[in-house]
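> My questions are about this predicted structure, shown below with the sequence.
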Amino acid sequence: MTLNKNLELPSLEYFLSLKYPISIYPEDEGGYTALISDLPGCITQGETLEEVVINIEETRKLWIETVYNSKKKEIPLPSKKLRNWKHFRT
């Protein structure tokens, strides 16, 4: 998000309310990896689909809070398209 220096930064709650596409991949050794490509470095793992979804939501919140509070870089808006979406049966 590119903001004019004279404009006020949207609130933390605004950024936390944004919905980002999540990619989930099964791991060969078991479990799953989830990542949000729009948020560099926002990645986590879990043993089950339920666990990895919980973990990526927590990771997303921590990523946004850390970047917002540091004011060192901008928080990107969610991309419009879903990438690498896969449906898994459990």
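Thanks, I have the structure now.

> Leaving out the residues flanking it, which one is nearest to residue 53?
residue 34 (7.1 Å; Cβ to Cβ, 6 or more residues apart in numbering). Any C-beta I mention is one placed from the backbone N, CA and C, and that applies to glycine too.

> is it true that that neighbour lies in a strand?
Yes - counting by DSSP: H, G, I helix; E, B strand; the rest coil, residue 34 is part of a strand.

> Tell me where the chain has helices.
12-17, 49-70 (DSSP state H).

> Other residues contacting stretch 25-44?
By Cβ atoms under 8 Å, 6 or more residues apart in numbering, the list of residues contacting stretch 25-44 from outside reads 20-24, 45-49, 51-53, 55-56, 58-60, 63-64, 75-79, 83-84, 86, 88.

> what number of residues lie near the residue nearest to residue 53?
Neighbour count for residue 34, taken as other Cβ atoms under 10 Å: 23.

> now do residue 71
8.

> now swap in residue 53 and tell me
There are 16 residues near residue 53, going by other Cβ under 10 Å.

> how close does it get to residue 59?
11 Å (Cβ to Cβ, to the nearest Å).

> what do you get for residue 8?
27 Å.

> Settle it for me: which of those two has more neighbours?
Between residue 8 and residue 59, counting by other Cβ under 10 Å, residue 59 is the more crowded of the two (20 against 7).

> Near residue 38, how many other residues are there?
That count, for residue 38 with other Cβ under 10 Å as the rule, works out to 17.

> cool, and residue 68?
18.

> before we move on, back to that, quick check, pLDDT for the residue nearest to residue 53.
pLDDT for residue 34: 97.

> low-scoring stretches of the chain, by residue?
By pLDDT under 70, the weakly predicted segments of the chain are 1-7, 81-90.

> Next, the contact list for residue 18, please.
Contacts of residue 18 (Cβ under 8 Å, 6+ apart): 77, 78.

> Show the backbone phi and psi for it.
When read as degrees, to the nearest 10, the backbone of residue 18 gives phi -70, psi 140.
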